[in-house]
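Chemist: Show me how the following folds:
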Amino acid sequence: MKSKAISSDLRILGGTPVFKGTRVPMQTLIDYLESGESIEDFLEGFPSVSREQVITFLEEAKEKFLAKV
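Modeler: Residues are numbered from 1 along each chain as shown. Now for the predicted structure:
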């Protein structure tokens, strides 16, 4: 399944998965959420990422998780 929200290119941060069209790593969102920050806090800190991208990423992650259960 090709992601609508994530891209990985060796020329961008050495292939680290990032939000498409940005240089913001997916791990940054995960770190924000794990530390108790909100999606709003993340979006304020990274205005190049849209709310739609965050929601799409979370939905894709949920689908992948549920497919393995």
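Chemist: How about the contacts made by the residue nearest in space to the middle of the chain?
Modeler: Most central in the chain under CA atoms, centre = their mean is M26, positioned 3.6 Å from the mean C-alpha point. Applying CB atoms under 8 Å, 6 or more residues apart in numbering, we find M26 in contact with I6, P17, V18, F19, F57. Backbone N, C-alpha and C define where each C-beta goes, glycine included.
Chemist: how deep is the fourth one tucked in, by neighbour count?
Modeler: Read that as F19. By the criterion of other CB atoms under 10 Å, F19 has 23 neighbours.
Chemist: same question, I30
Modeler: 13.
Chemist: isn't there a helix covering it?
Modeler: Yes. Under DSSP: H, G, I helix; E, B strand; the rest coil, I30 falls within a helix.
Chemist: What score does it have for pLDDT?
Modeler: Looking at I30, its pLDDT is 96.
Chemist: ok, back up a step: who wins for neighbours among the contacts of M26?
Modeler: Comparing these by number of neighbours (other CB under 10 Å), F19 comes first, having 23 neighbours.
Chemist: For that residue, give its distance to K4.
Modeler: Using CB to CB, to the nearest Å, we find F19 at a distance of 11 Å from K4.
Chemist: do I30 as well
Modeler: Per CB to CB, I30 is found 18 Å from K4.
Chemist: circling back to that earlier point, sitting in strands, which of the contacts of M26 do you find?
Modeler: Applying DSSP state E to those, the entries found in strands are I6, V18, F19.
Chemist: Pick the one among those closest to E44.
Modeler: F19 (15.0 Å; CB to CB).
Chemist: among the contacts of M26, which two are most distant?
Modeler: Within the contacts of M26, two members stand farthest from each other by CB to CB: V18 and F57, at 10.7 Å.
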